[in-house]
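In: following is a predicted model, sequence given first.
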Amino acid sequence: MLGMTAVTSILAKAPHSAEATQSIPEQSSSDFIPERAPLSGPGSTYTPRIAAAFVRRKEEYGMWWPGAVYDGEAARRNYTAQIQEASGDLGIELQLRHDPIYSLEEAEQWIADAGRNKVDGLVVLLLDRQQHAWPTVQMAAESHLPVIVFSPLGTSFTTNTIQLAHEPGCLIYSTDHFDQAARGLKMLAAGARLKKSRCIVLQGDKRYEEPMPGLGTTLRYIPARTYIEEYQQVQETDEVVRLAQEYIDHARLTEGPDRTDIIHGAKSYVAARTILQQEQGDAITMDCLGTLADENISLPCLAWSRMNDSAIPAACEADIGAVASHMVVQNLFDRPGFQQDPVADTLHQSIIGAHCSSPLCLRGFGESPEPYDLRHHHGNRDAIPRPLWKEGQRVTSLDVLFDDETTFLISTGYVLRNEEVPPSGGCIVSVNVKFDGDQEALTFPGFHQVFFYGDYKRQLQEFGQLFRLRTERV
């Protein structure tokens, strides 16, 4: 075990010693792919349960839509195979009704049974436009369970969909392409897992729990010194050295931190991971600056970067909205996001997202990291991986706010450039994003928004509608 005296001695090394600045030839990082970390939290281990049923008349279709030309049994076989495959891929327990719903009475019974069984959502698969088909959808929408409606061509007019198009708790996919319904299934699963999840918050000196508004995640607060105590127990094991060496070997450039700094960053990852395992958490955030600013212990910037690359939502500064954003992004889009401080760029009317804990695998879990450097934190200490965000890449910004109601602030745009810090001041990772629309940079709303690769505004709006959350485009 490394005692406090030894830790203090190591961390007291001059940050700009001769060995602290070294240029490493640019290398491929294709074999440096952080694996998903196993979690034992209640959200990570939960199996969502979804009830699904087809709806149609029992008799032949005849003249009325979808018409005698429509082979309802073939469609049922096709969509049965697809919903079963999608549910298997998503880890969902699918409770698919054996026979279609042939009457409004059967629909009422099916919905009541689903409520009593406390399923996590409903999927209504329409094979008809007549009689009880859309009244069944209306009844499901009034059940207070989140509902996905799949309406292939021939099962709806806009006169059927217009009344429910923006109904909170209900999403309609009017298309022959089942991949949209599969997207809805993923939202149902994500919402269920978020509701079951436990986020560990290292802040203050007391232990207690409270629910996260809107998403239902349990927030378990534990004393911030728990991190310090755990860090002091972490030894320089083979795993710690291997993790540190991975970052060194695949960096384009190391300028500032020395090998010891990077090893301490790896130790911070192991310490935080151990706390998550002990507390059976699904996500983590810490009052890092308040807890560690005056301590001779590595800030968790490298740890948070690694965790987000490993599909563990990790947020800075005990920011509940930021950790909620991380959790939503990871569960819906299978990629990490970057929590940042927004800085106005009036030259380009853009936003510079600045922080010191960006993930590297921005294209998705299991994908190769973007090229990166190893730098010091803007406090001129510790080791920070600084990825180069791809210029021109479409990005989405999500900010989860907890005011009178839970709100998703959503923006989309593209990467302009990576700012150099230094010579500029501020956080080492500073990515400049030009957002769509005419929002003035100086009044860009929110703070600690999570930036991530891809244009996902529509999906976030749909998720908000499905789970009765307010969404606002910026």
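Out: Done, it's in. Given the structure is predicted, the values throughout are model-derived calculations rather than measurements. Residues are numbered from 1 along each chain as shown.

In: three-state assignment of the nearest residue in space to residue 129 that is not next to it in sequence?
Out: Nearest residue to residue 129 in three dimensions, chain neighbours excluded: residue 65, at 4.4 Å (C-beta to C-beta, 6 or more residues apart in numbering). From N, CA and C alone the C-beta is placed, and that goes for glycine too. For residue 65, the assignment made with DSSP: H, G, I helix; E, B strand; the rest coil gives coil.

In: enumerate every residue touching residue 65.
Out: Neighbouring residues of residue 65 by C-beta atoms under 8 Å, 6 or more residues apart in numbering: 129-130, 154-155.

In: state the pair within the residues you listed that is farthest apart.
Out: The distance between the two most remote of these (C-beta to C-beta) is 10.8 Å, for 130 and 154.

In: and whichever helix or strand residue 123 is part of, how far from the chain's centre?
Out: Per DSSP states H and E, residue 123 falls inside strand 121-126. Mean-position distance between strand 121-126 and its chain equals 25 Å (C-alpha atoms, centre = their mean, to the nearest Å).

In: ok, and what's touching the helix or strand just after it?
Out: Once strand 121-126 ends, the next helix or strand along the chain (criterion: DSSP H and E) is helix 133-141. Helix 133-141 is contacted by residues 55-56, 101, 104, 107-108, 111, 122, 124, 126, 147, 149, 155-156, 160, 163-164, 167, 169-170, 172 when judged by C-beta under 8 Å, 6+ apart.

In: any idea how far residue 458 lies from residue 412?
Out: Residue 458 sits 10 Å away from residue 412, going by C-beta to C-beta, to the nearest Å.

In: the more surrounded of these two?
Out: Using other C-beta atoms under 10 Å, the more surrounded residue of residue 458 and residue 412 is residue 412, with 20 against 11.

In: which helices and strands sit right next to the longest strand seen in the chain?
Out: Assignment by DSSP state E gives strand 406-418 as the longest strand of the chain. When contacts are defined as 3 or more C-beta pairs under 8 Å, 6 or more residues apart in numbering; DSSP states H and E, strand 406-418 packs onto strand 394-402, strand 429-435, helix 457-466, strand 470-473.

In: of those, which is nearest residue 283?
Out: Residue 283 lies closest to strand 394-402 among the helices and strands packed on strand 406-418, at 12.7 Å (C-beta to C-beta).

In: what's in contact with that closest one?
Out: Residues from elsewhere that reach strand 394-402 (C-beta under 8 Å, 6+ apart): 212-215, 320-322, 324-325, 328-329, 337, 389, 406-415, 433, 435, 445-457, 460, 474.

In: mind listing what the nearest residue to residue 84 once chain neighbours are set aside touches?
Out: In this structure, residue 84 finds its nearest non-sequential neighbour in residue 94, 6.4 Å apart by C-beta to C-beta, 6+ apart. Shown in contact with residue 94 (C-beta under 8 Å, 6+ apart): 50, 52, 83-84, 87.

In: among those residues, which pair sits farthest apart?
Out: Spanning the widest gap among the contacts of residue 94 are 50 and 84, at 11.4 Å by C-beta to C-beta.

In: more crowded one of the two?
Out: Set residue 50 next to residue 84 and count neighbours by other C-beta under 10 Å: residue 50 wins out with 26 against 14.

In: distance from stretch 323-340 to the middle of the chain?
Out: Distance, stretch centre to chain centre, for stretch 323-340: 2 Å (C-alpha atoms, centre = their mean).

In: meant to ask about stretch 140-149
Out: 24 Å.

In: quick check: mean pLDDT of it?
Out: The average pLDDT within stretch 140-149 is 97.

In: quick check: buried residues in that stretch?
Out: Across stretch 140-149, burial judged by 16 or more other C-beta atoms under 10 Å covers 140-141, 143, 145-149.

In: give me the angle between the strand holding residue 123 and helix 133-141.
Out: Between strand 121-126 and helix 133-141, the angle comes out at 180 degrees (axes from the mean of the first three to the mean of the last three C-alpha atoms, to 10 degrees).

In: CA atoms of strand 121-126 as PDB?
Out: C-alpha atoms of strand 121-126 as PDB (Å, rounded to 0.1, in the frame of the first residue of the first chain):
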ATOM      1  CA  GLY A 121     -44.000  -0.100 -21.500                       C
ATOM      2  CA  LEU A 122     -46.400  -1.200 -24.300                       C
ATOM      3  CA  VAL A 123     -46.000  -1.700 -28.000                       C
ATOM      4  CA  VAL A 124     -49.100  -1.700 -30.100                       C
ATOM      5  CA  LEU A 125     -48.500  -3.200 -33.600                       C
ATOM      6  CA  LEU A 126     -51.400  -2.200 -35.900                       C
END
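
In: just checking: what are the partner strands of it?
Out: If you go by DSSP bridges, strand 121-126 pairs up with strand 49-55 (parallel), strand 147-150 (parallel).
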